[in-house]
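S.K.: sequence-free structure coming up:
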């Protein structure tokens, strides 16, 4: 794994992270419980495959003193919560999400890790009435801000919630990760890029804040931006079992969102990749990689 650009302040043109860039909502705002099992699996696979990158982000955060109280906004199944508990062993985390199922899964994870006494869960819609979150020293929002109906309002809420001198970490995705070579599959070269183009069109319509530069927005909300970082993910080619499952789960969800936008031949080729018992299954390929970028902004309430 190759984290890159670990430089404070403006080391890359910042834009917006595989919510993994999963089109469905894992946001702290609105819920999609009907699809929660597949979504939770994908979040768990994202955490497993990209654990080193997530750890590198928490290690980079420009904290002046180790935080004692942390809030994880849009915590999903607990990827950030567990990384933060590991990075800051003296801290307690309030994990916020709209999904009761994701919060249940998170509680099971922290219980299994012996960390339950350091975690409080809050089910809340952050586009609605702001929950009582105490006065945290650090607020973490990974792949959740671009889902907010009014992100400027959310930024102001975070600013008002943080303790003076506290830090706000915003992590966003550059887009849905890539898994296949550009000339794959042989029957429909460029299939993945056409799927991504269709997904980008849908996101532009339904998630206008995806891809935003959060630096100016943070400044406008009263924060001082102390660092920006780009994490480049490039794993593979590999036949690691978790990477195969990650690609399968990701492309399955991608199909569910873009199939109506694709040519019939592309849908057929995609279905062949997703047929785990078929000869063209993505699980049988030895050229699967994971390629994406994550952007991080660290901003302080001064």
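M.R.: Nice, thanks for sending it over. These numbers come from a predicted model, not from an experiment.
S.K.: Would you state the helices of the stretch 101-250 of the chain in chain order?
M.R.: Taking DSSP state H, counting those that start in this stretch, the helices of the stretch 101-250 of the chain run over residues 151-161, 191-206, 214-220, 241-258.
S.K.: Show me the one of the ones you listed that comes nearest residue 77.
M.R.: Taking Cβ to Cβ, helix 241-258 is the member of the helices of the stretch 101-250 of the chain nearest to residue 77, at 13.1 Å. (Glycine included, C-beta is placed from N, CA and C.)
S.K.: how far out from the middle of the chain is that closest one?
M.R.: 15 Å (Cα atoms, centre = their mean, to the nearest Å).
S.K.: Same check on stretch 134-142?
M.R.: 16 Å.
S.K.: And for stretch 221-241?
M.R.: Computed by Cα atoms, centre = their mean, the separation of stretch 221-241 from the middle of its chain amounts to 10 Å.
S.K.: swap in stretch 150-170?
M.R.: For stretch 150-170, the distance to the chain centre is 19 Å (Cα atoms, centre = their mean).
S.K.: Between the two ends of that stretch, what distance do you get?
M.R.: Stretch 150-170 has an end-to-end distance of 15 Å (criterion: Cα to Cα, to the nearest Å).
S.K.: buried sites along it?
M.R.: 151, 154-155, 157-159, 161-163, 166-170 (16 or more other Cβ atoms under 10 Å).
S.K.: Can I get those in TSV including distance to residue 80?
M.R.: Shown next, in TSV, are the buried residues of stretch 150-170 (distance: Cβ to Cβ, whole Å):
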residue	distance to residue 80
151	18
154	16
155	18
157	18
158	15
159	20
161	17
162	17
163	19
166	16
167	14
168	13
169	9
170	12
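S.K.: Tell me which two in these are the farthest apart.
M.R.: Taking Cβ to Cβ, the two most distant members of these are 151 and 163; they sit 21.7 Å apart.
S.K.: Help me confirm that residue 291 is found in a helix?
M.R.: No. Counting by DSSP: H, G, I helix; E, B strand; the rest coil, residue 291 is not part of a helix but strand.
S.K.: Helix or strand next in line after the lowest-mean-pLDDT helix or strand in the chain, which one?
M.R.: Counting by mean pLDDT, DSSP states H and E, the weakest-scoring helix or strand in the chain turns out to be helix 36-49, with a mean of 77. Per DSSP states H and E, the first helix or strand lying C-terminal to helix 36-49 is helix 51-60.
S.K.: just checking, what packs against that following helix?
M.R.: On a contact count with 3 or more Cβ pairs under 8 Å, 6 or more residues apart in numbering; DSSP states H and E, helix 51-60 meets helix 79-87, strand 223-235, strand 290-301.
S.K.: Report the strands that pair with the second one, each with its relative direction.
M.R.: To tie it back to what came earlier, the one meant is strand 223-235. Sheet pairing of strand 223-235 (DSSP bridges) gives strand 290-301 (antiparallel).
S.K.: now the angle between helix 151-161 and the partner strand, please.
M.R.: With axes from the mean of the first three to the mean of the last three Cα atoms, to 10 degrees as the basis, strand 290-301 and helix 151-161 are set at 50 degrees to each other.
S.K.: So which bits of strand 290-301 are buried?
M.R.: 290, 292, 293, 294, 295, 296, 297, 298, 299, 300, 301.
S.K.: One more: stretch 45-52?
M.R.: Per 16+ other Cβ under 10 Å, stretch 45-52 contains these buried residues: 45, 46, 47, 49, 50.
S.K.: Quick check: nearest residue in space to residue 97, chain neighbours excluded?
M.R.: Once flanking residues are discounted, residue 97 sits nearest to residue 75: 4.9 Å by Cβ to Cβ, 6 or more residues apart in numbering.
S.K.: correction: residue 149
M.R.: residue 127 (4.5 Å).
S.K.: Hmm, residue 144 and the one you found touching each other?
M.R.: No. At 11.1 Å, residue 127 does not count as touching residue 144 under the criterion of Cβ atoms under 8 Å.
S.K.: Of these two, give the one with the bigger neighbour count.
M.R.: Between residue 127 and residue 144, counted using other Cβ atoms under 10 Å, residue 144 has the larger neighbour count: 29 against 18.
S.K.: next one: phi and psi at that one?
M.R.: phi -120, psi -30 (degrees, to the nearest 10).
S.K.: where are the low-confidence patches of this protein?
M.R.: 1-38, 204-211, 238-239 (pLDDT under 70).
S.K.: go again using 80 as the cut-off
M.R.: Within the chain, the ranges that satisfy pLDDT under 80 run 1-39, 174-175, 203-212, 236-240.
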